[in-house]
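Q: I would like to see how this sequence folds:
(4 chains)
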There are 2 protein chains.
Amino acid sequence: MYQRPHPKVSDGAAAPRPAPVIPLMPGPLASKRVQMEPQVETEPVVQGVYVISVAARILEMHPQTLRKYERLGLINPGRSVGMLRLYSWEDIRKLYLIRHLVENLGFNLAGVEFTLTLVNQLMQMQERMSGAAKGTPLEGQVEQEMTHLLHTLNLPLDSGSI
Amino acid sequence: MYQRPHPKVSDGAAAPRPAPVIPLMPGPLASKRVQMEPQVETEPVVQGVYVISVAARILEMHPQTLRKYERLGLINPGRSVGMLRLYSWEDIRKLYLIRHLVENLGFNLAGVEFTLTLVNQLMQMQERMSGAAKGTPLEGQVEQEMTHLLHTLNLPLDSGSI
DNA sequence: ATAACTTGACACGGGTAGTGTCAAGTTATA
DNA sequence: TATAACTTGACACTACCCGTGTCAAGTTAT
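A: Down below sits the predicted model:
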């Protein structure tokens, strides 16, 4: 097995990263919610958007890293009228996955881009096949296979990710 | 889109790499076949094994690179009685894929290991689902989905790879 | 008005990956 | 058998990647 080398930064006695679980909902740390999304009347969504410092604090990542990821096209947060980056919770979830790929699996950014595409394609594929298998004995196997695959690949994804 | 940076080495006026197609059979370059596999009578296989210098020449890769890949667990060529590495054509095919992932897609070795696992899992998954879908309207869709996925991911694989 | 923040650009440093070199051992050929 | 050619494993070097630090200029909030 290819053993991933030491972590990038030797933090001395740094606290270990939290478990590689991607939160489905904003946690209590997501305070200082700067700006609320324009609420659509028919959809009572409670999720806000976060300015870069808040997003970076939630993710425990450096703001410059977030900016670089955007420049490379890995993420695409919204912008305020004054050009401030506004990170939605979807952006945060995606960044959690990216952080997992980089820190836990040791990918470089080319591998990260590939994996984001992979996850997207797998989700679309599952949707198509689940639809086509409806009513057949294969009904449940599609989702089961996908869950098994993601688990084998160490991709901690709640369905509907990315 | 994440644009992969410049190639690793600025070769000056180096010749461009051959197209990223993984040969299914040994080409004419695979001369100087050093040692033949012990021929099983019931299976007239014509494929030989190659010593590291020959494998490296076929692949246009550095012998040290092949040794490093083995040390990291990406490949596992056989050994002669005198500890010489013996690369089968399966090993060569795998190395073609690895070279593609590194040179064309820009992966580091962690991403390479991930992708090798991915390809393995996808092939097993296809086999299971093709078997289960036999006789249903889904009969052909499984292989079609897999082909589409591999194409989208820029994985030039003939079925049965790796 | 002023403090705090964001943006974009640039640079620095640790780590990765491919390649070069070398002594010791093995294989092939004369 | 003698010798040339090759392989092995170890080590070192170098280019490049990626996270992070810094800074001036502009924006936002108190």
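Q: Only C-alpha atoms from now on, for both contacts and neighbour counts.
A: Will do.
Q: Mind naming the longest helix for chain A?
A: Taking DSSP state H as the criterion, chain A has its longest helix at helix A:109-132.
Q: So is that one next to DNA strand C?
A: No. Residues of helix A:109-132 contacting DNA strand C under CA under 7 Å from any atom of the strand: none, with a closest distance of 10.5 Å.
Q: tell me which element A:L86 falls in.
A: For A:L86, the element it lies in under DSSP states H and E is strand A:85-86.
Q: Break chain A down into its structural domains.
A: Using automatic domain parsing, the domains assigned to chain A come out as A:31-106, A:108-162.
Q: hmm, back to that, tell me the mean pLDDT over the helix or strand just after the longest helix of chain A?
A: Counting by DSSP H and E, the next helix or strand C-terminal to helix A:109-132 is helix A:141-152. Helix A:141-152 carries an average pLDDT of 96.
Q: ditto for stretch A:116-136
A: Averaging pLDDT along stretch A:116-136 gives 95.
Q: Tell me the residues of chain A that contact chain B?
A: Contact residues (CA under 8 Å from any CA of the partner chain) of chain A with chain B: A:1-4, A:72-74, A:105-111, A:113-114, A:117-118, A:121-122, A:125, A:132-133, A:138, A:145, A:149, A:153.
Q: Show me what the longest helix of chain A packs onto, helices and strands only.
A: In terms of contacts (3 or more CA pairs under 8 Å, 6 or more residues apart in numbering or on different chains; DSSP states H and E), helix A:109-132 is packed against helix A:141-152, helix B:141-152.
Q: re the thing from before, present the domains of chain A as a markdown table; the columns should include mean neighbour count.
A: Output for the domains of chain A, formatted as a markdown table (neighbours: other CA atoms under 10 Å in any protein chain shown):
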| stretch | mean neighbour count |
| --- | --- |
| domain A:31-106 | 16 |
| domain A:108-162 | 16 |
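Q: Report the secondary structure state of the residue of chain A found nearest DNA strand D.
A: Residue of chain A nearest DNA strand D, by CA to the nearest atom of the strand: A:G82 (3.1 Å). The three-state label given to A:G82 by DSSP: H, G, I helix; E, B strand; the rest coil is coil.
Q: Can you tell me how far it is from A:V51?
A: Distance of A:G82 to A:V51, computed by CA to CA, to the nearest Å: 12 Å.
Q: ditto for A:E127
A: Separation of A:E127 from A:V51 (CA to CA): 33 Å.
Q: for chain A, which spans come out with low pLDDT?
A: Along chain A, the model assigns pLDDT under 70 to residues A:1, A:4-20, A:28-47, A:158-162.
Q: can you rerun that using 50?
A: A:7-15, A:31-46 (pLDDT under 50).
Q: Taking the centroid of it, which residue is nearest it?
A: Centroid-nearest residue in chain A, with CA atoms, centre = their mean: A:K94, separated by 2.0 Å.
Q: That residue looks like it's in a strand, true?
A: No. Using three-state DSSP, the assignment for A:K94 is helix, not a strand.
Q: Would you reformat the helices and strands packed on helix A:109-132 as TSV and include distance to B:A55?
A: Formatted as TSV, those follow (distance: least, CA to CA, whole Å):
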stretch	distance to B:A55
helix A:141-152	31
helix B:141-152	26
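Q: Mind putting the domains of chain A into TSV with distance to B:G78?
A: Conversion of the domains of chain A to TSV gives the following (distance: least, CA to CA, whole Å):
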stretch	distance to B:G78
domain A:31-106	28
domain A:108-162	27
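Q: Quick one: closest of the ones you listed to B:R57.
A: Nearest to B:R57 among the domains of chain A is domain A:108-162; the distance by CA to CA comes to 27.3 Å.
Q: ok now the closest one, how far from the chain's centre?
A: How far domain A:108-162 lies from its chain's middle: 15 Å, per CA atoms, centre = their mean, to the nearest Å.
Q: near DNA strand D at all, it?
A: Yes. Judged by CA under 7 Å from any atom of the strand, domain A:108-162 comes into contact with DNA strand D through A:108-110.
Q: Name the nearest of those residues relative to B:L66.
A: In terms of CA to CA, no member of the residues of domain A:108-162 next to DNA strand D lies closer to B:L66 than A:N108, at 20.9 Å.
Q: Wait, A:V112 touches A:L101, no?
A: Yes. A:V112 lies in contact with A:L101 (CA atoms under 8 Å); the separation is 6.5 Å.
Q: related to what we said a few turns ago, what's the closest of the helices and strands packed on helix A:109-132 to DNA strand C?
A: The minimum distance between DNA strand C and the helices and strands packed on helix A:109-132 falls on helix A:141-152, with 20.8 Å, by CA to the nearest atom of the strand.
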